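Asker: below are the sequence and a predicted model for it; my questions follow.
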Amino acid sequence: MTTGFIDLPGIFPLEGGGQLDGVRVAYRTWGEPQTEATLICHALTGSADADDWWEGLFGTGKVFDPSRDYIVAANVLGGCSGTTGPTSLRPGRIAPYGPDFPDISVRDMVRLQALLLDHIGVERLRLVIGGSMGGMQTLEWALMYPERVDAIVPIGIGAAQSPWALGLSEAQRHAIVNDPWFRGGNYRKGRGPDNGLATARMIAMCSYRSPENFASRFGRVEDDNNGFAVQSYLRHQGSKLVDRFDANTYLTLLAAMDSYDLSRGRGPTEAVLRHVATPALVVGISSDVLYPAAEGEALARSLGNAEFALLDEPQGHDAFLIETNRLNDIVVNWLERIETGRVREHTGG
């Protein structure tokens with residue numbers, strides 16, 4: 001299935017008070033169209049191409065089974081993979097928004113996804129699932145549209161962006177905005193691994209993996225350039241991101257993640273979470289240094305109808321993208337249990 005595009009006319013108001021005049025949504029689907037679907041929410045530098053980055057969860061009998069389910073993934077608002085964002089042309093202009101793109105929130109992303117689903121005829125969601133920034137969207141779905149969602153699986157996330165995560169975001173932001181190539185917010189691409197976006201990615205990669213992962217993978221091995229292997233790895237990751245991503249987009253999405261707080265404008269966190277009745281499986285990662293598993297455990301305890309599962313793997317935060325077979329088993333087993341419970345409930349068993 002190729003990427004589809006839907007243009008939504010009119011004003012799209014934003015939570016922060018700004019607005020967009022017309023929004024384009026890029027999305028992908030798998031399976032036969034139905035009024036019920038599974039929604040996949042992607043992370044910071046991800047895309048709607050979930051069968052690429054979450055391939056291990058696709059297939060017969062897996063979490064995403066196109067022979068059984070209708071599956072939808074959309075590129076997020078503010079991104080650079082087809083949905084309106086800083087790289088999009090302003091209406092009536094020949095230049096992109098760039099640094100003038102308005103502030104958005106995770107709730108804005110979810111509201112746009114809901115409009116997309118309305119447009120393609122999806123009335124209910126059997127499951128909403130995502131990790132990291134995708135987990136933020138997943139949780140907001142349960143709060144914003146509880147009547148449309150049967151179950152959620154947020155992965156590698158807590159109830160709000162922690163001070164630790166805020167600090168890491170700020171270090172990445174500082175790297176970008178203080179890059180001499182970042183002139184007036186108009187980033188010059190193609191500067192190789194020495195620019196601010198590359199540095200931001202290098203900082204992020206240190207939080208996406210774990211000390212154990214770096215030790216076992218790289219140790220103190222030196223590469224052919226008289227540096228350490230881990231240094232070459234980080235430079236390579238930074239250079240790769242520069243080739244495929246946009247700096248203003250990165251800043252926009254970082255700010256949206258930093259504003260993430262399920263209780264914002266809703267009341268005390270404990271009361272807000274307690275009233276979430278949607279069945280939830282919160283998945284934490286044992287080696288996650290960005291969103292430690294303890295945050296996920298606390299979230300699961302606070303939600304009104306949730307379980308906690310631990311993905312006990314050494315890769316760090318990115319384990320949800322690496323250990324897909326194990327993650328698939330955890331989610332499938334939980335979905336089977338809650339579906340069995342629903343059948344018993346409906347039959348009086």
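Answerer: All right, it came through fine.
Asker: give me every residue that touches the nearest residue to Ala43 once chain neighbours are set aside.
Answerer: The shortest distance from Ala43 to any non-neighbouring residue, by CB to CB, 6 or more residues apart in numbering, is to Ser132 (4.1 Å). (C-beta placed from N, C-alpha, C; glycine too.) By CB atoms under 8 Å, 6 or more residues apart in numbering, the contact set of Ser132 is Ala43, Leu44, Ile155, Gly156, Ile157, Leu290, Tyr291, His317, Phe320.
Asker: counting by contacts, list what the helix or strand hosting the last one packs against.
Answerer: Under the criterion of DSSP states H and E, Phe320 resides in helix 319-322. Under the contact criterion of 3 or more CB pairs under 8 Å, 6 or more residues apart in numbering; DSSP states H and E, helix 319-322 touches strand 280-285.
Asker: partner strands of the strand it packs on and their direction?
Answerer: If you go by DSSP bridges, strand 280-285 pairs up with strand 152-155 (parallel), strand 306-311 (parallel).
Asker: assess the claim that Gly196 and Val177 are in contact.
Answerer: Yes: counting by CB atoms under 8 Å, Gly196 touches Val177, with 7.2 Å between them.
Asker: now for these two: what residues contact both?
Answerer: With CB under 8 Å, 6+ apart, Gly196 and Val177 have no common neighbours.
Asker: more neighbours, the two?
Answerer: A direct count of neighbours by other CB atoms under 10 Å for Gly196 and Val177 places Gly196 higher, at 24 against 14.
Asker: and Thr29, helix, strand or coil?
Answerer: Classification of Thr29 using DSSP: H, G, I helix; E, B strand; the rest coil returns strand.
Asker: mind listing the residues bridging to it?
Answerer: Under the criterion used here (DSSP bridges), Thr29 is bridged to Val72.
Asker: what's it in contact with, if anything?
Answerer: Met1, Gly4, Tyr70, Ile71, Val72, Ala73, Ile120.
Asker: ok, and the most crowded of those?
Answerer: Neighbour counts for the contacts of Thr29, by other CB under 10 Å, peak at Ala73, which reaches 26 neighbours.
Asker: contacting residues for Val63?
Answerer: Contacts of Val63 by CB under 8 Å, 6+ apart are Thr38, Leu57, Leu127, Ile129, Asn328, Val331, Val332, Leu335.
Asker: report the buried members of those residues.
Answerer: Among the contacts of Val63, those classed as buried by 16 or more other CB atoms under 10 Å are Thr38, Leu57, Leu127, Ile129, Asn328, Val331, Leu335.
Asker: quickly note the distance from the first one to Asn75.
Answerer: In this structure, Thr38 and Asn75 are 17 Å apart, going by CB to CB, to the nearest Å.
Asker: Arg274 now?
Answerer: Arg274 is 33 Å from Asn75, by CB to CB.
Asker: which of the two has more neighbours?
Answerer: Asn75 (25 against 13).
Asker: which residue ranges of the stretch 1-150 of the chain form strands?
Answerer: 4-13, 19-30, 36-41, 71-74, 124-131 (DSSP state E, counting those that start in this stretch).
Asker: noted, bye for now.
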